[in-house]
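Visitor: Just the structure for this:
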Amino acid sequence: MVFILSDICNFNYVFTWFVIKKSKKISNKITNIFNWIIKRSITRLAFFSSFTFLILTYLETSMVNASTSLIPDLNTFVFYFFFYIVGWILFKSKGLLNSFMKYDWQFVAFAVFLIITQGLLIQYSGMELKPNSNSAILISFNSIIVWLFIFGITGLFIRYGSKHSKRMRYISDSSYWVYLIHLPLTAIIPAFIWEFPLPALVKFIIVLSLTTLICFATYHYLVRNTFIGKFLNGKKYPKKIKETPVANKELS
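Guide: So this is what the prediction gives:
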């Protein structure tokens with residue numbers, strides 16, 4: 001009996017070692033392939049656009065609606081999980097982010113051009129297209145547009161926003177909390193003012209202003225230097241940003 005238990009333990013040890021070793025090799029292989037794609041602007045645009053096209057085709061829609069239910073929507077999860085995985089892998093290769101600056105302006109300009117073209121097709125082509133219809137044409141447009149904006153806007157921020165700024169650093173630190181809390185506020189605040197005899201633009205400005213104020217006030221006093229901030233961001237931040245910039249070695 002002792003020998004049998006010993007053999008089982010040895011097998012488990014060897015099996016665990018084998019899985020860990022193979023997982024590391026597979027992970028490194030995936031990272032190397034990913035890095036090769038990321039370094040090439042047109043290749044990465046074609047690759048990720050094609051993958052997104054396949055996902056939207058499988059989901060039979062050209063546009064995945066934002067879920068407003070407390071119960072997760074499968075289509076929404078599948079679609080956004082792909083972007084999460086890309087970001088997760090890219091986190092291991094942050095040194096390649098500088099490659100996003102190549103064609104950044106061109107990508108953004110082309111995305112805007114495609115959006116205008118897509119809108120004209122929907123309105124005037126006579127093809128009876130709807131924004132969220134299961135159309136290969138619209139799926140193609142949206143698959144390309146989303147990655148043009150991702151690579152282009154990211155490249156622009158790296159190009160023009162990499163210098164230290166106390167204000168931008170603070171906004172960056174608060175972004176996760178603002179992301180979590182802003183959506184319910186944009187539903188609650190309009191519910192209180194929708195009957196007010198005010199123009200829509202004025203109501204929009206009120207909702208935008210109050211949402212922004214509440215998001216940053218709650219972050220500053222209730223989150224930034226508290227256990228909530230540590231839970232969300234991994235550590236507590238001082239309420240005041242230091243003057244000395246932190247060198248961004250990984251992007252240089």
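Visitor: quick one, helices of the stretch 151-252 of the chain?
Guide: 166-193, 200-218, 227-233 (DSSP state H, counting those that start in this stretch).
Visitor: In CSV, list the ones you listed along with mean pLDDT.
Guide: Putting the helices of the stretch 151-252 of the chain into CSV (pLDDT from 0 to 100) gives the following:
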stretch, mean pLDDT
helix 166-193, 90
helix 200-218, 94
helix 227-233, 87
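Visitor: Out of those, which is closest to Ile241?
Guide: helix 166-193 (4.2 Å; Cβ to Cβ). To be clear about C-beta, it is placed using only N, CA and C from the backbone, and glycine gets the same treatment.
Visitor: and that closest one, what does it pack onto?
Guide: helix 200-218, helix 227-233 (3 or more Cβ pairs under 8 Å, 6 or more residues apart in numbering; DSSP states H and E).
Visitor: Let's see that with 6 Å instead.
Guide: Packing contacts for helix 166-193, counted by 3 or more Cβ pairs under 6 Å, 6 or more residues apart in numbering; DSSP states H and E, involve helix 200-218.
Visitor: Can you pull out the residues in contact with the helix it packs on?
Guide: By Cβ atoms under 6 Å, 6 or more residues apart in numbering, the surrounding residues in contact with helix 200-218 are Val178, Ile181, His182, Leu185, Thr186, Ile189, Pro190, Ile193.
Visitor: Please state the offset of it from the chain centre?
Guide: In terms of Cα atoms, centre = their mean, to the nearest Å, the centre of helix 200-218 is found 23 Å from the chain centre.
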